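Trainee: Coordinates for the following, if possible.
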Amino acid sequence: MLKRTQIKDLLAAEHTIDAVLIKGWVKTKRDSKDFSFVEVNDGSTLKNIQVIANNTLVNYSEIKKLTTGSSVAVTGALVESAGGKQKYEIKADSIEIYGVAPDDYPLQKKGMSDEFLRTIAHLRPRTNKYGAAFRVRSRLSYAIHNFFQSRGFVYVHTPLLTAADCEGAGEMFQVTTLDLKNPPKLPNGEVDYSKDFFGTQAHLTVSGQLNGEMYACALGNIYTFGPTFRAENSNTQRHAAEFWMIEPEMAFADIHDNMDLAEDMVRYLVKDIMENCADDLDLFERFVDPTLQQTLKNIVDNSFARITYTEAIEIMQKSGKKFEYKPEYGIDMQTEHERFLAEEYFKRPVIVRDYPKEIKAFYMKLNDDGKTVAAMDVLVPRIGELIGGSQREDRYDVLLKRMNELKMDVANYGWYLDSRKYGTVPHAGFGLGFERMMMLVTGIANIRDTIPFPRTPKSINF
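Mentor: Numbers count the residues shown, from 1 in each chain. Model (predicted):
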């Protein structure tokens, strides 16, 4: 029995083949007097393959009724194409029709806005742009695992349900089995969470970092790669309520090791996508961002600039540029600041380190000046912050003091403090937002278009 071959493999064939089987969806169809040209795509590649259907086929009258979006199985010979647009085409011996798409099929051969396509997110991967985007997403995922596995990192699955707030921001989705119409109450009127499923308040995680640290302090170097959640009512092009994060943690590492790993990783991923997704990147450069290849090549060919937060503020203050948010020491840098440094000043990615402790999380290592922490952010053109990380505070007393300063409930973090009690080591790590990495390598401007089914405020369709 003839086995199905993916179209990408047929287009890369070294010679003609007497009998092949493809299965896919009709992109276009043109009828002539005695035959029809049917363009078929199966999602394995951006390119279609042309099928020649002669009027001698037993179901030719049905083939002539094929519409865009219809699904078919084609058996025939892979032959050299008579036209100049493609190397091969298929001369059909039979065409089995699985399903004909009716006239209201929304993906006709016409321009459609990204906003419209988000309303039909279940169908948009059939378009050229989104088919390309999610092939790149698949390859990017593979490259991430390759990068870490080749360096001896252990892949750790950290929990999605948690009672701890990694960032201390409080912007977390609550998870409960209590009856919201009639929750159990304590004598003081507050909800009695001891009656809830876990016996305490539970949330969806904002980060796997704290759990990852525990495993780095046992296995050496680890990484996580999974979904995270932020209940942040933000409707910007860079934020989503559900997104994926890559979070490596390294034992016996400092901030400089951390910066080296982040730079190596970004350059590795960009190079991998350039080498393995050339056709898809060509589409993005033609229809999404005409400077895409130039941006990616710049990342691969050049080392990242490295400066302190203090130097970054001074550069912006002396630049003469008018910013919406005035650059002053102590501010949490805005996207306009990050993009200025990466796009206009350095014209390449830049790593900023040593931020004021007041604007960074409790777990970041306090520097000797007592004012800054060993934090680092990787800023890239067009996006701004791509990676955020730090050397972690490994001194028990310093970490405990910082937690108390922030009025954190230390009782909930006893397990985290244990790693500083029992054989503490210097360690460091970072978080890379996967969808932002997708935005970088594709030129796509809106994070909603880099994830299959985006979750944003007031939007949880599909």
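
Trainee: What are the buried residues along stretch 53-62?
Mentor: For stretch 53-62, the buried set under the neighbour-count rule, 16 or more other CB atoms under 10 Å, comprises 53, 57, 60. For the C-beta atoms, the positions are set from N, CA and C on the backbone; glycine is no exception.

Trainee: Likewise for stretch 364-379?
Mentor: By 16+ other CB under 10 Å, the buried positions in stretch 364-379 come out as 364-367, 372-379.

Trainee: picking up where we left off before, any idea which of the buried residues of stretch 53-62 is closest to S150?
Mentor: If you rank the buried residues of stretch 53-62 by distance to S150 using CB to CB, A53 comes first, at 46.9 Å.

Trainee: Parallel or antiparallel, list what pairs with the helix or strand hosting that closest one.
Mentor: Secondary structure assigned from DSSP states H and E places A53 in strand 49-54. Strand 49-54 pairs in its sheet with strand 35-41 (antiparallel), strand 88-99 (parallel), by DSSP bridges.

Trainee: hmm, who's touching the shortest one?
Mentor: So that's strand 35-41. Strand 35-41 is touched from outside by 7, 22, 24-30, 47-55, 60, 63-64, 66, 72, 74, 92, 95, 131, with contacts defined as CB atoms under 8 Å, 6 or more residues apart in numbering.

Trainee: Just the helices from the stretch 201-350 of the chain, written as ranges.
Mentor: Read by DSSP state H, counting those that start in this stretch, the stretch 201-350 of the chain holds these helices, from start to end of the chain: 209-219, 255-276, 278-287, 292-301, 309-318, 335-339.

Trainee: List the residues that contact V266.
Mentor: For V266, the contact set (CB under 8 Å, 6+ apart) comprises 299, 304, 349, 378, 380, 386-387, 432, 437.

Trainee: Most neighbours among those, which one is it?
Mentor: With neighbours set by other CB atoms under 10 Å, the maximum within those is found at P349, which has 28 neighbours.

Trainee: Okay, now the unreliable bits of the chain?
Mentor: Low-confidence segments of the chain, defined by pLDDT under 70: 166-170.

Trainee: Regarding it, what is its longest strand?
Mentor: As far as residue count goes, and with DSSP state E defining each element, the longest strand of the chain is strand 17-31.

Trainee: for that strand, which positions count as buried?
Mentor: Per 16+ other CB under 10 Å, strand 17-31 contains these buried residues: 20-27, 29.

Trainee: Could you give the separation of it from the chain centroid?
Mentor: Computed by CA atoms, centre = their mean, to the nearest Å, the separation of strand 17-31 from the middle of its chain amounts to 32 Å.

Trainee: Kindly report the same for stretch 73-85.
Mentor: Taking CA atoms, centre = their mean, the mean C-alpha location of stretch 73-85 is offset from the chain mean by 36 Å.

Trainee: buried sites along that stretch?
Mentor: Of the residues in stretch 73-85, 74-78 count as buried by neighbour count, 16+ other CB under 10 Å.

Trainee: P457 and H239 touch, don't they?
Mentor: No. The pair P457 and H239 does not pass the contact test of CB atoms under 8 Å, sitting 9.2 Å apart.

Trainee: ok, the two, which is more surrounded?
Mentor: Counting neighbours by other CB under 10 Å for P457 and for H239 shows that H239 has the greater number, 18 against 13.

Trainee: Go ahead and list the helix or strand containing D354.
Mentor: strand 350-356.

Trainee: List the contacts of the helix or strand just after that strand.
Mentor: Beyond strand 350-356 on the C-terminal side, the first helix or strand identified by DSSP H and E is strand 372-380. Strand 372-380 is touched from outside by 254-255, 258-259, 262-263, 266, 299, 304, 309, 333, 338-339, 341-342, 349-357, 360, 364-367, 385-391, 393, 428, 430, 440, with contacts defined as CB under 8 Å, 6+ apart.

Trainee: Could you tell me the angle between the next helix-or-strand element following strand 372-380 and strand 372-380?
Mentor: Remark: after strand 372-380, the chain's next helix or strand is strand 384-391, criterion DSSP H and E. Angular relation of strand 384-391 and strand 372-380 on a 0 to 180 degree scale: 150 degrees, by axes from the mean of the first three to the mean of the last three CA atoms, to 10 degrees.

Trainee: can you list contacts of strand 384-391?
Mentor: Contacts to strand 384-391, defined as CB under 8 Å, 6+ apart, come from residues 238, 253-255, 258, 262, 266, 335, 338-339, 342, 349, 360-361, 363-365, 373-380, 426-433, 436-437, 440.

Trainee: list the buried ones in that strand?
Mentor: Going by 16+ other CB under 10 Å, strand 384-391 has these buried residues: 384-391.

Trainee: how about the nearest residue to D165 once chain neighbours are set aside, secondary structure?
Mentor: What sits nearest to D165 in space, not counting adjacent residues and going by CB to CB, 6 or more residues apart in numbering, is M172, at 6.0 Å. Using DSSP: H, G, I helix; E, B strand; the rest coil as the criterion, the local structure at M172 reads coil.

Trainee: residues touching M172, list them.
Mentor: The contact partners of M172, by CB under 8 Å, 6+ apart, come to 165, 203-206, 229-231.

Trainee: need those in CSV with neighbour count and distance to Q108, can you?
Mentor: CSV is the format used below for the contacts of M172 (neighbours: other CB atoms under 10 Å; distance: CB to CB, whole Å):
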residue, neighbour count, distance to Q108
D165, 19, 47
H203, 20, 44
L204, 19, 39
T205, 24, 42
V206, 24, 41
F229, 20, 36
R230, 20, 37
A231, 15, 38
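
Trainee: Looking at the residues you listed, which one is closest to L399?
Mentor: Each of the contacts of M172 was scored against L399 by CB to CB, and D165 proved nearest at 15.7 Å.

Trainee: Isn't that closest one up against H203?
Mentor: Yes. A contact is recorded between D165 and H203 when judged using CB under 8 Å, the distance being 7.3 Å.

Trainee: The strand holding A53: what's the following helix or strand?
Mentor: The first helix or strand that comes after strand 49-54 along the chain, using DSSP H and E, is helix 60-63.

Trainee: Pick the most deeply packed of the strands paired with strand 49-54.
Mentor: With neighbours taken as mean count of other CB atoms under 10 Å, the strands paired with strand 49-54 reach their highest mean count in strand 35-41, at a mean of 20.
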